[in-house]
Every structure is written in C-alpha cells, then in structure tokens.
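Asker: when you get a sec, could you give me coordinates for this:
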Amino acid sequence: MTASAMAPDATASDSQALVEVQELVKTFPVKGGLLQRRVGEVRAVAGVDLAIRRGEALGLVGESGCGKTTLGRMLVRLLEPTSGRILFDTRDVTHASARDLGSFRQDVQIIFQDPYASLDPRSQVGNSISEGLRIHRIGDRAERRRRVGDMLQLVGLKREHAERYPHEFSGGQRQRVGIARALILRPKLVVADEPVSALDVSVQAQVLNLLKDLQAELDLTLLFIAHNLAVVEHISDRVAVMYLGRVVELADRDTLYRHPVHPYTQALLSAIPIPDPRRRRPRVLLEGEIPSPMNPPSGCRFHPRCPIAEPGTCDVQDPPLLVVPDDVDHDAACLLRAGPEVRET
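Answerer: This next block holds a predicted model:
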C-alpha cells in the first residue's frame with residue numbers, strides 16, 4: 001500500500017511479509033532521431049507498494065503491457081529498479097552487490113513463460129537443471145546428479161530424462177523441466193511468469209496442480225503472474241490487479257472474485273465465461289484505447305475508460321491504494337469506492 005496512506009491494519013500484514021516493495025518504479029528510455037537521442041520514457045512500473053506474505057500464492061493479473069512481468073523481473077533482480085525499495089526477508093536488496101546477490105539468488109528463482117527459449121538447446125536438461133548447483137558449489141558431481149534425478153521425479157518426469165535435450169520434450173514436459181530448474185536450489189520465493197499461457201488447456205491444469213502441490217510440499221512463497229483470471233483463481237490465495245503500472249486492487253481470492261470494487265477489476269471478471277450455456281454474466285464493456293505509459297492520463301489512470309468516472313474528481317486526483325470500508329483485507333485505488341478519507345485529500 002502507499003506508505004503515505006497506509007491503513008493501520010496493513011502494518012500487521014507487513015510483519016508477515018517475505019517480500020515487500022515500496023514505491024517501486026521502473027522506466028525505460030525511448031530514443032529517436034538520427035542520433036538516437038532520448039525523446040521520452042516508458043514508465044512500466046509507476047510506484048508499486050506490495051507485500052507478499054510467507055507461504056502464500058499471490059496472483060498478479062492485468063492486461064498485456066500493464067507492467068506485471070517488469071515487476072516480477074525486478075523482484076528477482078533481473079532488472080534494476082529506477083527507484084524505490086525491495087525488501088527480502090527484511091533485507092534491502094534493491095541495489096545489492098554481486099556478492100550479496102549470490103546468496104539472494106539461492107532464495108529467489110523464476111519460472112519463465114517460454115521454457116524452450118529459456119533452455120539451452122545444445123545442453124542436456126540435466127545440465128541445465130544442475131547449473132545452479134554448480135554455480136553455488138553445492139555437492140560433488142554424484143550428489144548433483146542425484147539431486148537432479150530426485151527433482152525430475154518430483155515434477156513428474158523420470159530420472160533418465162536428464163540425458164535428453166529440450167527439443168525431445170513436449171511443451172508441458174519442458175515447463176516441468178523449467179520448474180525443476182527453478183526449484184533445484186530449494187528457494188523461498190518463486191516468481192512464475194505466465195508459466196501456463198503457452199500450454200494446451202489440458203496441460204495447463206496439470207502444471208497448475210503440480211505448482212500447488214510443490215508449494216505445499218516445499219513451503220514455497222509464490223508470485224503467479226498471468227492475464228487469465230480463471231487460472232489465477234485456481235492457484236492464488238490473494239490477487240493483485242495491475243493497470244498501467246499501478247496496483248489498483250488487492251484482496252484475498254474469494255473476496256475479489258465475489259465482490260470486486262474497482263471498475264477495472266469488475267470489467268476483467270465480467271469477461272470470464274461461465275461453463276453453463278443457460279447462464280450469462282453481465283458484461284462490463286470498456287470504451288476507448290489503453291493510454292500510453294509514455295503519456296499516462298492525469299488523476300486516476302483508469303478514468304478515460306471508467307464507466308463511473310466523475311469529471312473534476314477522477315481526472316484530477318490520483319487515488320492511493322486504501323482499505324475498502326468494512327473489509328480490512330481489501331484494498332482499492334478508486335476515489336469513488338474507497339473510504340471517505342480518500343475524497344477529503
């Protein structure tokens with residue numbers, strides 16, 4: 001939540017956090033002209049405050065380009081934040097040195113969206129999985145081979161699969177290899193960046209069930225990034241909704257799916273089909289184009305597309321993320337639907 005407007009109940013949940021980000025910002029320069037001078041910047045992540053509790057699965061959803069993947073990659077320090085802080089297990093790792101990042105990377109791993117692109121096609125998958133063990137000098141060759149075999153069995157593959165190359169696997173099997181590679185160091189936090197979006201529906205269910213089982217068995221904390229709200233509902237304990245670089249709603253799964261507060265979340269949920277041809281869900285249709293992150297609108301970033309926006313209010317005030325009245329574990333960034341203290345600012 002926004003530090004300047006954090007509700008008293010929020011501080012209690014932060015004490016349970018394994019990861020906490022404060023006012024996190026990431027911008028990318030835009031260059032143009034013959035000399036490739038800087039002509040602007042894309043504000044991919046625009047001041048995110050978020051805590052991931054120990055042992056939970058936090059779903060992060062939003063349409064393409066909202067900053068989900070950028071946020072996830074900053075958490076594992078594949079991208080350097082422009083500003084803000086990242087706290088991991090109470091340690092500030094925002095600008096950690098190479099030595100400090102060595103131990104940090106044992107505790108934080110990522111599962112990529114495309115497992116084939118993230119695996120070396122010229123290397124046997126056993127070597128790819130054991131790479132982390134070699135880098136961190138864990139065990140001898142025999143010990144590493146044993147641990148790779150154990151991990152392959154844990155993700156539903158066979159020990160002999162370690163001798164195969166990536167092209168010899170199906171898409172679902174390759175993603176299992178990617179999961180094994182992420183878990184071989186027994187991390188505390190795993191960032192899963194749309195790990196099932198490239199898979200068939202039947203295979204998606206298998207991989208999701210595998211992730212849920214592994215989370216319980218290995219006591220993992222999981223950040224699950226996706227744009228499919230039905231998938232996120234299946235695996236998440238809490239859900240954060242992003243729009244144009246900001247978190248606009250955060251709640252536990254059941255609360256958010258049963259009682260969404262932010263108009264953007266309501267529009268997303270209305271698009272989920274109901275598996276019953278006799279029932280129809282009322283659709284919330286958004287008008288207009290998604291604003292550019294190079295030139296976001298003033299006030300609330302969603303107001304040009306919002307069906308309930310009020311001129312003179314929503315286009316002027318930038319709403320912080322505050323607790324929804326009568327629901328202490330439900331936060332929303334909406335001037336019309338958050339507490340009255342927002343509208344008095």
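
Asker: from residue 40, how far off is the residue sitting nearest the centre point of the chain?
Answerer: Among the residues of the chain, residue 225 comes closest to the average C-alpha position under C-alpha atoms, centre = their mean, at 3.7 Å. Noted for residue 225: a distance of 26 Å to residue 40, by C-beta to C-beta, to the nearest Å. Bear in mind the C-beta positions are built from the backbone N, C-alpha and C, glycine included.

Asker: one more: residue 329?
Answerer: Distance, residue 329 to residue 40, by C-beta to C-beta: 38 Å.

Asker: same question for residue 336.
Answerer: According to C-beta to C-beta, residue 336 and residue 40 sit 31 Å apart.

Asker: between those two, which is the more surrounded one?
Answerer: When residue 336 and residue 40 are compared for neighbours, residue 336 comes out ahead with 18 against 14, by other C-beta atoms under 10 Å.

Asker: so what pLDDT did the spatially closest residue to residue 300 that is not a sequence neighbour get?
Answerer: Spatial nearest neighbour of residue 300, excluding adjacent residues (C-beta to C-beta, 6 or more residues apart in numbering): residue 314 at 4.7 Å. Residue 314 is assigned 89 on the pLDDT scale.

Asker: go on, residue 14?
Answerer: Residue 14 is assigned 57 on the pLDDT scale.

Asker: over to residue 293?
Answerer: The confidence metric pLDDT takes the value 85 at residue 293.

Asker: for it, give me its contacts.
Answerer: Under the criterion of C-beta atoms under 8 Å, 6 or more residues apart in numbering, the contact partners of residue 293 comprise 42, 43, 44, 46, 65, 67, 244, 245.

Asker: for the third one, what are phi and psi?
Answerer: With angles defined as degrees, to the nearest 10, residue 44 sits at phi -70, psi -40.

Asker: and the fourth one, by the same measure?
Answerer: According to degrees, to the nearest 10, the main-chain angles of residue 46 amount to phi -120, psi 60.

Asker: that one contacts residue 318, correct?
Answerer: No. With contacts defined as C-beta atoms under 8 Å, residue 46 does not count as touching residue 318, sitting 10.0 Å away.

Asker: any stretches of the stretch 201-345 of the chain with poor pLDDT?
Answerer: Within the stretch 201-345 of the chain, the stretches with pLDDT under 70 are 338-345.

Asker: helices of the protein, residue ranges please.
Answerer: Ranges of helices within the chain are 8-14, 68-75, 98-107, 115-118, 125-135, 141-154, 171-183, 201-218, 229-235, 253-258, 263-270, 340-343, based on DSSP state H.

Asker: nearest to residue 29, out of those helices?
Answerer: Among the helices of the chain, helix 68-75 comes nearest to residue 29, with 14.2 Å by C-beta to C-beta.

Asker: average pLDDT for that closest one?
Answerer: Here the average pLDDT along helix 68-75 is 94.

Asker: so which elements touch it?
Answerer: Contact partners of helix 68-75 among helices and strands, from 3 or more C-beta pairs under 8 Å, 6 or more residues apart in numbering; DSSP states H and E: strand 17-32, strand 37-53, strand 57-61, strand 108-111, strand 189-193, strand 221-226.

Asker: list the buried residues of stretch 255-274.
Answerer: 255-257, 260-269 (16 or more other C-beta atoms under 10 Å).

Asker: could I get the residues you listed as TSV with distance to residue 164?
Answerer: Output for the buried residues of stretch 255-274, formatted as TSV (distance: C-beta to C-beta, whole Å):
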residue	distance to residue 164
255	44
256	41
257	40
260	45
261	49
262	46
263	49
264	44
265	43
266	46
267	44
268	39
269	41
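
Asker: of those residues, closest to residue 52?
Answerer: The shortest separation between residue 52 and any of the buried residues of stretch 255-274 is 15.9 Å, and it belongs to residue 256 (by C-beta to C-beta).

Asker: for that closest one, what are its contacts?
Answerer: Applying C-beta under 8 Å, 6+ apart to residue 256 gives the contacts 238, 239, 241, 249, 265, 330.

Asker: so how far is residue 337 from it?
Answerer: To residue 337, residue 256 is 13 Å away according to C-beta to C-beta.

Asker: just give the closest residue to residue 100, not the sequence neighbours.
Answerer: residue 93 (7.0 Å).

Asker: test my guess that that neighbour contacts residue 103.
Answerer: No. Assessed by C-beta under 8 Å, residue 93 is found out of contact with residue 103, at 9.9 Å.

Asker: quick one, which of those two is more surrounded?
Answerer: Using other C-beta under 10 Å as the criterion, residue 93 and residue 103 rank with residue 93 on top: 21 against 12.

Asker: what does the pLDDT read for that one?
Answerer: The confidence metric pLDDT takes the value 91 at residue 93.

Asker: who are the contact partners of it?
Answerer: Contacts of residue 93 by C-beta under 8 Å, 6+ apart are 77, 86, 87, 100, 101, 104.
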